[in-house]
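Chemist: heads up, no residue letters with this:
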C-alpha cells in the first residue's frame with residue numbers, strides 16, 4: 001500500500017457530518033476521528049468528549065454539551081485538534097484546560113477548596129492547647 005492521500009486522512013478525522021451529529025440517537029460513543037467522540041447516554045444526554053492516552057492511561061476530556069444550544073461539531077473539532085497538539089507537545093490537555101486563569105474571579109468551589117486546605121494546615125498545628 002502506498003502513502004495515504006490527504007483525502008484519506010481527512011476522511012479518518014472528520015467522519016461525522018453536522019446533520020449526523022444532530023440526528024444520531026443510539027446510546028454509545030460515535031467517533032468523528034482523531035479522538036473526538038459524540039457520547040450519548042442511555043437517557044439521551046449528548047456530549048462531546050476527547051479521548052487520548054496520557055502516561056499509558058486512557059483519559060476522557062469533556063468538551064461540552066452536544067445539544068442544539070451547546071458546543072457545535074466545528075468547535076468540538078477545534079478543541080480536539082488543540083488537545084492532540086498538547087498531547088504531542090507532552091502536555092496533559094485536562095491539566096492545561098483546568099488551569100485557573102490569574103484574572104479569573106475564584107468560584108465558590110475553588111474558594112472552599114482553598115479555605116479547606118488552609119484550615120487543614122492550620123488545624124494540624126493548632127490542635128494542642130495549654131501545652132498538651
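Modeler: Now that the structure is in, tell me what you want to look at. Worth saying up front: this structure is predicted, and the values here are computed from it rather than measured.
Chemist: average pLDDT across the helix or strand containing residue 96?
Modeler: Following DSSP states H and E, one finds residue 96 within helix 93-97. Average pLDDT, helix 93-97: 93.
Chemist: contacts for that helix next, please.
Modeler: Residues lying outside helix 93-97 but in contact with it, judged by Cβ atoms under 8 Å, 6 or more residues apart in numbering, are 50, 52, 54, 59, 61, 82, 83, 86, 87. Placement of C-beta: from N, CA and C, glycine included.
Chemist: tell me which element the second one is part of?
Modeler: Meaning residue 52. strand 46-54.
Chemist: show me what the following helix or strand past that strand is packed against.
Modeler: Where DSSP H and E defines the elements, the next helix or strand beyond strand 46-54 is strand 57-65. The elements that strand 57-65 packs onto, with contact taken as 3 or more Cβ pairs under 8 Å, 6 or more residues apart in numbering; DSSP states H and E, are strand 46-54, helix 73-88, helix 93-97.
Chemist: let me have the ones you listed in TSV, extended by distance to residue 15.
Modeler: Shown next, in TSV, are the helices and strands packed on strand 57-65 (distance: least, Cβ to Cβ, whole Å):
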stretch	distance to residue 15
strand 46-54	14
helix 73-88	11
helix 93-97	21
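Chemist: give me the number of residues near the residue nearest to residue 70 when sequence neighbours are not counted?
Modeler: Distances taken as Cβ to Cβ, 6 or more residues apart in numbering place residue 64 nearest to residue 70, at 5.5 Å, with adjacent residues excluded. Using other Cβ atoms under 10 Å, the number of residues around residue 64 comes to 14.
Chemist: residue 64 pairs with what?
Modeler: Under the criterion DSSP bridges, residue 64 forms beta bridges with residue 48.
Chemist: now do the buried residues in stretch 59-76.
Modeler: Residues 59, 61, 63, 66, 71, 73, 76 are the ones in stretch 59-76 that count as buried (16 or more other Cβ atoms under 10 Å).
Chemist: which among these gets closest to residue 98?
Modeler: Within the buried residues of stretch 59-76, the smallest distance to residue 98 is 9.3 Å, found for residue 61 (Cβ to Cβ).
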